[in-house]
Structures are given as structure tokens and as C-alpha cells.
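> Based on what follows, work out the 3D shape:
(chains A and B)
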Amino acid sequence: SQTIHQWPATLVQPVGSPLSLECTVEGTSNPNLYWYRQAAGRGLQLLFYSVGIGQISSEVPQNLSASRPQDRQFILSSKKLLLSDSGFYLCAWSPDRDPSGNTIYFGEGSWLTVV
Amino acid sequence: KQEVTQIPAALSVPEGENLVLNCSFTDSAIYNLQWFRQDPGKGLTSLLLIQSSQREQTSGRLNASLDKSSGRSTLYIAASQPGDSATYLCAVKPPSGTYKYIFGTGTRLKVLA
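Model prediction:
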């Protein structure tokens, strides 16, 4: 069966510090990968998605970047965090070809507090 | 641009009640619609997925319906229990060839014992 792992679960970082959140998927190949952010009281905002190694699409211009160095690894990064980067970050994946209609699966999320 | 709305934002009901959560979307050209549950501080768990050609899906006490022409979906929860307390989100997937899922802001449900 497929599983998705996301870490760290919780992170408190000072303004101006770097960020690295990592996500890996097991039990499948060539998944579509996503990074979402969920701010308090708001819906999920799609930040990045990737359909293959090295292929990254950015949805919202901001202080963050994403990379996909391996087929099932997706990394969210920042060189200098801002207070507004605080939030709940969710990694997700969907099968490249899904006979059940492109279900999307989520990791457990990473809480980021920038202080 | 597709927009997804969920009303109400919060709902509190006594245990045992049947309830309906609503999801509206502005563009009827969707590939599928999915309902999720999110417990506080956790990721999203998929509950039901309805293909654009389907009218409803059922899983246990949950029933989701889809009316594409009117841009609406409902999630019906029968005989609610305190363990159903969570935030429920719906998401639409645009037609094949695009990879973005567009989420509503969710309905926060509290079932009182």
C-alpha cells in the first residue's frame, strides 16, 4: 500500500532563517506531488505541484521554493523566512494514472511558526 | 476561475441528528469532487469521491451527492456521533489534464454528546 511521510511535524523558526520541509511517498511510482498551505481559518492554498523529477509549477509567487530531486521526494524550502510564512503545510500526492479518478492523499502536515 | 464555497463555516448539533453539509462550485466543468475530513492539527482524510458522471456515493453513514448543473454537492451524515466532530472540506478537480484540486474553506462540525 502507498504511504506518505512528511517531516518535521512541528517547527519554530526565527524570522530570516532558512526552511526545509521534506515529503516522501512510498509504494508508488511517478506520483503527482503537491505542497499546500493552510492558514488559520482559511482554506488550502496550493503552493507548488510537480508531475515529474525536476518539474515544478508554482502557483503563488512568494518567499518559498520547491524541489523534486527524486521521483518520490518533494522538498519545500525558503532561504529567509517571513512572519507571514507561518502556517500548516501539507504535502499530498495523486497517482499519475488513477482508474478511480485521481484521488489525492495527504500527509500529516507540518506546523511552522515563524517568530 | 473556479471557486468553491462551503456554508455554514461551523455547525453544532446534538448527537443522533442527521445533518447535511453543503459545497458549492462556480464552474460545472469538473472531473470529480471529493469530500475530506480533517481532525485538528492533522492532515486530510478522503471520505468520498464522486466522478463527474455520478450522482452520489455512499460509505457507511455518509452519503455524498453531486449536481453538476447547479454546481452543488452535499454530504449527508446519518445518526451523527461525537466522533464525527471534525472539519469537513470538499474539493473539485478540474477536467483531465490539469492537476490542481480546488478546496473549499470547510465546515467545522461539532457533535455534542
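> Report pLDDT for the residue nearest to B:Cys90 when sequence neighbours are not counted.
Nearest-residue entry for B:Cys90: B:Cys23, 3.6 Å, with adjacent residues in sequence omitted and distances by Cβ to Cβ, 6 or more residues apart in numbering or on different chains. In this view, the C-beta of every residue, glycine as well, is placed from N, C-alpha and C. In this prediction, B:Cys23 carries a pLDDT score of 97.
> A:Ser50 pairs with what?
Beta-bridge partners for A:Ser50, by DSSP bridges, are A:Leu33.
> and it, what does it touch?
Contact partners of A:Ser50, counting by Cβ atoms under 8 Å, 6 or more residues apart in numbering or on different chains, are A:Asn32, A:Leu33, A:Tyr34, A:Ile56, A:Ser57, A:Ala66, A:Arg68, A:Phe74.
> 10 Å - rerun?
If a contact means Cβ atoms under 10 Å, 6 or more residues apart in numbering or on different chains, then A:Ser50 has A:31-35, A:56-57, A:66-68, A:71, A:74, A:93, B:99 as its contacts.
> same question, A:Gln73
Applying Cβ under 10 Å, 6+ apart, one finds that A:Gln73 lies in contact with A:Glu22, A:Cys23, A:Thr24, A:Val25, A:Leu33, A:Ile53, A:Ser67.
> State whether the last one is indeed within a helix.
No: under DSSP: H, G, I helix; E, B strand; the rest coil, A:Ser67 sits outside any helix and is assigned strand.
> if you skip the residues just before and after it, what's nearest to it?
On the basis of Cβ to Cβ, 6+ apart, the spatially nearest residue to A:Ser67 that is not a chain neighbour turns out to be A:Ile75, at 4.9 Å.
> sorry, back to before: ok, of the contacts of A:Gln73, which one's closest to A:His5?
For those, the closest approach to A:His5 (Cβ to Cβ) belongs to A:Thr24, at 5.2 Å.
> how far away is the nearest residue to A:Trp7 once chain neighbours are set aside from A:Trp111?
For A:Trp7, ignoring the flanking residues on the chain, the nearest one in space by Cβ to Cβ, 6+ apart is A:Glu22 at 5.9 Å. Summarising the geometry, the distance separating A:Glu22 from A:Trp111, computed by Cβ to Cβ, to the nearest Å, is 15 Å.
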